[in-house]
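S.K.: Sequence below, structure please.
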Amino acid sequence: MARNDPLRNFRFRLEIDGIQQAGFREVAGFDITVDPVDYREGNEPTHVRKLPGLTKYGHITLKWGITDSMELYNWQKQVVDGDIQRKNIAIVVVDEAGQDKARFQIAEAWPTKYTPMDLNATANDVSIETLEICNEGVTRES
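M.R.: Below you'll find the predicted structure:
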């Protein structure tokens, strides 16, 4: 029987409609939550039932080392200027051999927060930019 080892969390790529970004340090927050709603009718026992309420999709946080690419910043700038360009995003997890193994589709995404890098003259870290993206759906396709 072949081994089925868990996938590593450091081998991934993003596909964003029309944006060519070399790589990302971190992608976090693509969670799905269904809010429970308490419900009880007057003639029922004295405890509440739990019904599914609204589904919420977490904001996705992207972190990457700053380069001369302006594409993600420009996408966020469009939102600031009132021109919301919704995009579909794919988060693809790959195995040790570089084969696609898990694919998450993010629907109707647009940037909600941009954070430029922190600067510190006494450090030697890579400068990291952060973009927070809201969305209207997360599905796992494989």
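S.K.: can you map out the helices along the protein?
M.R.: For the chain, helices defined by DSSP state H occupy the ranges 71-80.
S.K.: what about the strands in it?
M.R.: For the chain, the strands defined by DSSP state E cover 12-16, 26-28, 32-39, 49-57, 60-65, 87-94, 100-115, 128-134, 138-140.
S.K.: could you say what helices and strands the second one packs with?
M.R.: Going back to what we said before, that points to strand 26-28. Strand 26-28 is packed against strand 60-65, with contacts defined by 3 or more Cβ pairs under 8 Å, 6 or more residues apart in numbering; DSSP states H and E. All C-beta spots, glycine's among them, are computed from the backbone N, C-alpha and C.
S.K.: Specify the stretch among the strands of the chain that is closest to Asn74.
M.R.: Closest of the strands of the chain to Asn74 is strand 100-115, at 10.1 Å (criterion: Cβ to Cβ).
S.K.: Just give me how far the closest one sits from the chain centre.
M.R.: The chain centroid and the centroid of strand 100-115 are separated by 4 Å under Cα atoms, centre = their mean, to the nearest Å.
S.K.: State the mean pLDDT of stretch 80-91.
M.R.: On average, the pLDDT along stretch 80-91 is 96.
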